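Participant: quick one: sequence plus predicted model below, questions after.
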Amino acid sequence: MKKRVTYRDHEYIFEILPNGDLSIDGEIFSASVDQEINSVYKVTVNNHTFTVEVSSKDFTIDGENVDISIKPFIPKRSINNGSQEKKNISLKAPIPGKIAQILVKEGDIVGKNQELMILEAMKMRNRIFSPNKGKVKKICVKENTFVEQDQKLLEFENSPD
């Protein structure tokens, strides 16, 4: 399953392939992950090794604190005859975890890339963003509940531009 991963203000299309390799923006990388101790991992990608540490508040790569966000991959829509219609989208959990915070309520009008909720997974806080400008139609989860990967989080209606 494809995901949108934002790292250092750049968005990447990320996919774990069935053989365990990674596809990042269509380029294939060989990868492995080994747990060193508790929350410290050695991640090797194409023979380059990184030390990754995960805590309840921070995520570091080789000692540098980084902010990473993961969003579902939603392909860009094609525009027919120069107009867009309202379209409902189900936003799903990019990874299994716990819903830490819901930042919107049903009926809210939100902007593109507005933060909708926070999903805690592997001691990281993953921010879930709106794919476009639109309206929150239905929230399908509650705070402090656990969700599975691809479980529906909320229904969203895109607004025509």
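Facilitator: Now that the structure is in, tell me what you want to look at. Numbers count the residues shown, from 1 in each chain.
Participant: three-state assignment of Lys42?
Facilitator: Assigned by DSSP: H, G, I helix; E, B strand; the rest coil, the conformation of Lys42 is strand.
Participant: worst-scoring helix or strand of the chain, pLDDT-wise?
Facilitator: strand 68-72 (a mean of 66; mean pLDDT, DSSP states H and E).
Participant: any weak-confidence spans in this protein?
Facilitator: 1, 56-57, 69-86, 160-161 (pLDDT under 70).
Participant: care to break it down by domain?
Facilitator: 2-70, 85-158 (automatic domain parsing).
Participant: deepest-packed of those domains, please.
Facilitator: Of the domains of the chain, the one with the most neighbours on average (mean count of other CB atoms under 10 Å) is domain 85-158, at a mean of 16. All C-beta spots, glycine's among them, are computed from the backbone N, C-alpha and C.
Participant: test my guess that Ala42 contacts Glu53.
Facilitator: Just to correct that, residue 42 is Lys rather than Ala. No: between Lys42 and Glu53 there is no contact under CB atoms under 8 Å: 10.7 Å.
Participant: ok so, going back, next helix or strand past the least confident helix or strand of the chain?
Facilitator: The first helix or strand that comes after strand 68-72 along the chain, using DSSP states H and E, is strand 87-92.
Participant: who are the packing partners of whichever helix or strand comes after that following strand?
Facilitator: Where DSSP H and E defines the elements, the next helix or strand beyond strand 87-92 is strand 97-102. Secondary-structure packing of strand 97-102 (3 or more CB pairs under 8 Å, 6 or more residues apart in numbering; DSSP states H and E): strand 115-121, strand 146-147.
Participant: how far off centre is strand 97-102?
Facilitator: Distance, stretch centre to chain centre, for strand 97-102: 13 Å (CA atoms, centre = their mean, to the nearest Å).
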